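Novice: take a look and give me a structure for this.
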Amino acid sequence: MTITTFSSREFNQAGNEAKRATANGPVFITDRGKPAHVLLTFEEYQRLTRQKRSIAEALFMPGADEVEFEPSRAHIAIKPADFS
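Specialist: Alright, predicted model coming up:
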């Protein structure tokens, strides 16, 4: 992975070049010499932000079988309805 850096001015003048550079890794866009923004491909953004996972995916993750988990038993009491 290659990190490419553009100043804000360079980014404004060479936006297409910056987009092409995302094929090799993130593009940092600086403002007055400090990183201010990051340009990524949409696929990379999705990979980084993917948080929703089904229970089946979580159970079959590498190392999941090594996690000790003993949930306490739920005690649900039935209460009479209060119609007052």
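Novice: secondary structure element for residue 36?
Specialist: When elements are assigned from DSSP states H and E, residue 36 belongs to strand 34-39.
Novice: check which residues of whichever helix or strand comes after that strand are buried.
Specialist: Next helix or strand after strand 34-39 toward the C-terminus (DSSP H and E): helix 42-49. For helix 42-49, burial by neighbour count (16 or more other Cβ atoms under 10 Å) applies to residue 44. Yep, even glycine has a C-beta here, placed from its N, CA and C like the rest.
Novice: what average pLDDT does the helix or strand following helix 42-49 get?
Specialist: Heading C-terminal from helix 42-49, the first helix or strand you meet, by DSSP H and E, is helix 55-59. For helix 55-59, mean pLDDT is 73.
Novice: using CSV, write out every CA atom in helix 55-59.
Specialist: The C-alpha coordinates for helix 55-59 follow below in CSV (Å, rounded to 0.1, in the frame of the first residue of the first chain):
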residue,chain,number,x,y,z
ILE,A,55,-24.4,-14.0,14.3
ALA,A,56,-23.3,-16.8,11.9
GLU,A,57,-20.4,-14.8,10.7
ALA,A,58,-19.3,-13.9,14.2
LEU,A,59,-19.5,-17.6,15.3
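Novice: show me what it is packed against.
Specialist: Taking 3 or more Cβ pairs under 8 Å, 6 or more residues apart in numbering; DSSP states H and E as the contact definition, helix 55-59 has no neighbouring helices or strands.
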